[in-house]
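Asks: Give the three-dimensional model of this entry:
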Amino acid sequence: MYFIYVIENKINGMKYVGQSKSPDARKRQHFSSRSDCPYVKNAIEKYGKDNLDFSTIEECQTLEEANTREVFWIRHLGTLRPNGYNLREGGEAGGPPSSETRLKMRRSQLGKKQSEETKRKRAASHRGRKNSPETIEKMRKAARGRPPEKCSMFGKRHSDATKQKMSLSQIKTHCKRGHPLEGKGADVAIRPSGKRECRICCRVRRLESNG
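Replies: Okay, the predicted model is just below:
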């Protein structure tokens, strides 16, 4: 006997669909530090176990049937990322997605625009999170080995207007403490290097150092 189960986040409604011969054991694994589903694990760490509900939704007699029904429920409930916690279309018993599956997933997302709510959820989930040194190194290696033609700007040049916008976006309007660096209320000193320095912050630091 095989079981199709669903994990639902009570806070944001996002779900994960899976299959198992022993749903109780699978639940314990999901809700432990050994969980092999990164998005479910992150959700538990963020919202707590009490805010994630685990339930079985269907019984299957064979693995083949379970694979078919897992695919059905993932599609029916819309649990693929970024709308849910599933990374694959299912039916592969946890193995890596095939090239055909990856192509289908990629095509299913083409032309789709994320809702503002989804964008906010994704931004909130990444806020304050820092990549580990290992992740940064992997990203660096991946970028280094990427063919130039894969770059979206390959063979193109930014227009003068775009360059101006990019330059202006790098100009800071406030210091780290929130004091204005330009316009009304600004009190700024220009260093020999050309860098602007907030005089208000300088006075505050002197007062703090003098106790």
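Asks: hey, which helix or strand in the chain has the poorest pLDDT?
Replies: helix 99-109 (a mean of 57; mean pLDDT, DSSP states H and E).
Asks: how near is the nearest residue to residue 2 once chain neighbours are set aside to residue 35?
Replies: Leaving aside its chain neighbours, residue 2 sits nearest to residue 66 (3.7 Å; criterion: C-beta to C-beta, 6 or more residues apart in numbering). Every C-beta, even on glycine, is put in place using the N, C-alpha and C of the backbone. According to C-beta to C-beta, to the nearest Å, residue 66 and residue 35 sit 20 Å apart.
Asks: Could you do residue 116 as well?
Replies: 30 Å.
Asks: Just give the number of residues close to the residue nearest to residue 2.
Replies: 24 (other C-beta atoms under 10 Å).
Asks: Show me how this structure divides into domains.
Replies: 2-91+102-109, 163-210 (automatic domain parsing).
Asks: What segments of the chain are strands?
Replies: Ranges of strands in the chain, per DSSP state E, are 2-9, 15-20, 52-60, 188-190, 196-198.
Asks: got a list of contacts for the last one?
Replies: Meaning strand 196-198. Surrounding strand 196-198, the residues in contact under the criterion C-beta atoms under 8 Å, 6 or more residues apart in numbering are 172, 175, 177, 179, 181, 187, 188, 189, 190, 191.
Asks: Contacts for the lengthiest helix in the chain, please.
Replies: Determined from DSSP state H, the single longest helix within the chain is helix 63-77. When contacts are defined by C-beta under 8 Å, 6+ apart, helix 63-77 is touched by residues 2-4, 6, 15, 17-19, 57-58, 60, 79-80, 84, 86, 89-93.
Asks: repeat that with 10 Å
Replies: 1-6, 8, 15-21, 57-60, 62, 79-80, 83-84, 86, 88-93, 101, 108 (C-beta atoms under 10 Å, 6 or more residues apart in numbering).
Asks: Might one say that residue 37 is in contact with residue 87?
Replies: Yes. Between residue 37 and residue 87 there is a contact under C-beta atoms under 10 Å: 7.8 Å.
Asks: shared neighbours, those two?
Replies: With C-beta under 10 Å, 6+ apart as the test, residue 37 and residue 87 both reach residue 16.
Asks: any idea how far the longest helix of the chain is from the chain center?
Replies: Relative to the mean C-alpha coordinate of its chain, helix 63-77 is positioned 25 Å out (C-alpha atoms, centre = their mean, to the nearest Å).
Asks: Convert the C-alpha atoms of that helix to CSV, please.
Replies: Taking Å, rounded to 0.1, in the frame of the first residue of the first chain, the C-alpha atoms of helix 63-77 are listed here in CSV:
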residue,chain,number,x,y,z
LEU,A,63,4.1,2.2,-6.9
GLU,A,64,3.0,2.8,-10.5
GLU,A,65,-0.4,4.0,-9.4
ALA,A,66,1.2,6.1,-6.6
ASN,A,67,3.6,7.8,-9.2
THR,A,68,0.6,8.6,-11.4
ARG,A,69,-1.5,10.0,-8.6
GLU,A,70,1.4,12.0,-7.2
VAL,A,71,1.8,13.8,-10.5
PHE,A,72,-2.0,14.4,-10.6
TRP,A,73,-2.1,15.9,-7.1
ILE,A,74,0.9,18.1,-7.6
ARG,A,75,-0.7,19.5,-10.8
HIS,A,76,-4.2,19.7,-9.3
LEU,A,77,-3.1,21.5,-6.1
